[in-house]
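Peer 1: model the structure of this input:
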Amino acid sequence: TNFVFTPDEKYCVIAEVNRAQNELWLNVYDVKTGKKVKSLWHETNQKWVEPEHPAYFYGEGNDFIWMSEKDGYTNLYMVDFEGVLGNEKQLTKHSFVVKDILEVDAAKKLIYYSATGENPCNTLVYVTDLLGNSRLVTQNEGVHRFDLSDEGIYFYDGYSNLTMPNHEMIYTSNGKMTKLIKESSNPMLEYALGVAEIGSLNGKDGSDLYYRMVKPSNFDPKNKYPVLVYVYGGPHAQMVTNSFNAGANLWMNWLAEQGYIVFTLDNRGSAERGFAFESQIHRQLGRVEMEDQMVGVDYLKSLSYVDEKRMAVHGWSFGGFMTTSLMLRQPGVFTTGVAGGPVTDWKFYEVMYGERYMDRPEENKDGYAANALTNYTKDLTGKLLLIHGTIDDVVVMQHNYSLIKKFVEDGKQIDFFAYPMHKHNVVGKDRAHLMEKVLTYIMENNQ
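Peer 2: You can find the predicted model right below:
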């Protein structure tokens, strides 16, 4: 994986992982002969090693930057192409996640990169020299966009946060603002729409669990509101961000305006929190994720304005797995669930993703069995709608069909809807049909 040619085009650099995905080699091959020349990086981990970025060449011949989370957080390492295995130099030593390399000022030998900073809901911009001296470039908290001018004299900074819809500026490279391009007002100000806020809860492992809550624009704490928990919960995704509307979709604001509270929590296993936070899901996909979601549920129940007898849950893909897990393994908590494209048994899912987190089925029989939703169908209470695209090539239809078959065998009534000729998600004009179906089902049944 992560294939890239060297700048002189004589070699290619490829990251290779073993079947167990717990050992990684970064290998150099001769382009003309195809023969392996050497390895420049070797890494092991008892859980998994996951290369996500190719070697990044920054202008010093074939020397490059490699991104690794071997110290617990994704950081930048400088690798000498002419060196030997293990001679890398760690450029950044952050106790937070480096997200991506953005730009290189070759003349000044500066590397600009994005990272969360101390607040994982942010996306900030940093710069480092080749000696490892790094500093923060963007001073405002939020989610930033960045572009460096060709000469490295100026840079563009655009960002939003919970209270700032959009702000765009031009700075000199030494941090002096030279031009304000745009300062947007709230585009939703004239509309009666729910309002998003961000908070955090203390997880059972002591970590901060960030949540987003969307309340009606006319919210009155003396009232009792039904709740929709919108969940994803899987690796490589972060739902709650310090961006305008906190990362919420507008249908959530609309639903809030119908008298709902819409709640989303990023549980352990989700992105941008470092290896210790994310890897607790190993061999037990669904267990700690569900535990954290229940921390969110308990918090909701503690609020005087939440109607704990009218709670619904909805999610897609991993969120569909979480939705169905919560309906079946926490029966009675939710009156209603809508699960789109759900994984129902990890042995049906694709090998690289599934085995990274769960190992092989024969190596982890207990983990696969404990989190196979077909083992819990008899426990369903409430209303459940399952949705699937008929040509889903990510979570294949076998997932939902096997679950439906088990519901039938157990004498449980559920609802099912298929979207013909749609893949893993419903897109285009049919998306409006999907969201109408999801929200109507929730409002009609969450009673």
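Peer 1: only C-alpha atoms from now on, for both contacts and neighbour counts.
Peer 2: Noted.
Peer 1: could you report the neighbour count for T241?
Peer 2: 24 (other C-alpha atoms under 10 Å).
Peer 1: for the nearest residue to it once chain neighbours are set aside, grab the count of nearby residues.
Peer 2: Leaving aside its chain neighbours, T241 sits nearest to C121 (4.4 Å; criterion: C-alpha to C-alpha, 6 or more residues apart in numbering). When neighbours are counted by other C-alpha under 10 Å, C121 registers 24.
Peer 1: ok, now G247?
Peer 2: Using other C-alpha under 10 Å: G247 sits among 17 other residues.
Peer 1: roughly how far apart are it and Y211?
Peer 2: 11 Å (C-alpha to C-alpha, to the nearest Å).
Peer 1: now do the shared contacts for these two.
Peer 2: V240 (C-alpha atoms under 8 Å, 6 or more residues apart in numbering).
Peer 1: where does F416 fall, phi/psi-wise?
Peer 2: phi -140, psi 140 (degrees, to the nearest 10).
Peer 1: ok now do it, which residues does it touch?
Peer 2: If you count contacts by C-alpha under 8 Å, 6+ apart, then F416 has L385, L386, I387 around it.
Peer 1: touching, the first one and Q413? I think so.
Peer 2: No - using C-alpha atoms under 8 Å, L385 is not in contact with Q413; the gap is 10.0 Å.
Peer 1: on that earlier part again, closest to K182 out of the contacts of F416?
Peer 2: Closest to K182 out of these is I387 (41.4 Å), distances taken as C-alpha to C-alpha.
Peer 1: count the residues that sit near the closest one.
Peer 2: By other C-alpha under 10 Å, neighbour count at I387 equals 25.
Peer 1: which SSE is immediately downstream of the helix or strand hosting it?
Peer 2: Per DSSP states H and E: I387 is located in strand 383-389. Using DSSP H and E, the helix or strand that follows strand 383-389 in sequence is helix 398-409.
Peer 1: report the buried residues of that next one.
Peer 2: Neighbour counts using 16 or more other C-alpha atoms under 10 Å place H399, N400, L403, I404, K406, F407 of helix 398-409 among the buried residues.
Peer 1: make TSV out of the contacts of F416 and add distance to L434 and pLDDT.
Peer 2: TSV is the format used below for the contacts of F416 (distance: C-alpha to C-alpha, whole Å; pLDDT from 0 to 100):
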residue	distance to L434	pLDDT
L385	12	98
L386	12	98
I387	9	98
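Peer 1: of those, which is the nearest to V394?
Peer 2: I387 (14.1 Å).
Peer 1: quick one: the closest one and W316, what's the gap?
Peer 2: I387 is 9 Å from W316, by C-alpha to C-alpha.
Peer 1: again, but for V137
Peer 2: 36 Å.
Peer 1: now swap in T44 and tell me
Peer 2: 32 Å.
Peer 1: the two: who's more crowded?
Peer 2: W316 (22 against 14).
Peer 1: hmm, back to that, okay, the residue nearest to T241: pLDDT?
Peer 2: Here the pLDDT value assigned to C121 is 98.
Peer 1: centre of the chain versus the lengthiest strand in the chain, how much separation?
Peer 2: Longest strand in the chain, counting residues (DSSP state E): strand 306-316. Chain-centre distance of strand 306-316: 22 Å, with C-alpha atoms, centre = their mean, to the nearest Å.
Peer 1: quick one: strands adjacent to it?
Peer 2: Within its sheet, strand 306-316 is paired with strand 225-230 (parallel), strand 336-340 (parallel), according to DSSP bridges.
Peer 1: got the CA coordinates for the last one in PDB?
Peer 2: Taking only C-alpha atoms (Å, rounded to 0.1, in the frame of the first residue of the first chain), the coordinates of strand 336-340 have been written out as PDB:
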ATOM      1  CA  THR A 336     -37.100   3.100  17.600                       C
ATOM      2  CA  GLY A 337     -34.000   2.400  15.400                       C
ATOM      3  CA  VAL A 338     -33.200   3.100  11.800                       C
ATOM      4  CA  ALA A 339     -30.100   1.200  10.600                       C
ATOM      5  CA  GLY A 340     -28.700   1.900   7.100                       C
END
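Peer 1: what's the offset of that strand from the middle of its chain?
Peer 2: 20 Å.
Peer 1: ok, now stretch 70-82?
Peer 2: With C-alpha atoms, centre = their mean, you get 23 Å for stretch 70-82.
Peer 1: what sits up against that stretch?
Peer 2: Against stretch 70-82 from outside (C-alpha under 8 Å, 6+ apart): 40, 43, 62-69, 87-99, 130, 273-276.
Peer 1: and that stretch, what's buried?
Peer 2: G72, Y73, T74, N75, L76, Y77, M78, V79, D80, F81.
Peer 1: any idea how far apart the tips of it sit?
Peer 2: In stretch 70-82, first residue to last residue: 22 Å (C-alpha to C-alpha).
Peer 1: do stretch 283-292 as well
Peer 2: OK, stretch 283-292 end separation, C-alpha to C-alpha: 17 Å.
Peer 1: and that stretch, which residues are buried?
Peer 2: Under 16+ other C-alpha under 10 Å, the buried positions of stretch 283-292 are R283, Q284, L285, G286, R287, V288, E289, M290, E291, D292.
Peer 1: if we can go back for a sec, quick check, nearest of the contacts of F416 to E168?
Peer 2: Closest to E168, out of all of the contacts of F416 and judged by C-alpha to C-alpha, is I387, at 40.1 Å.
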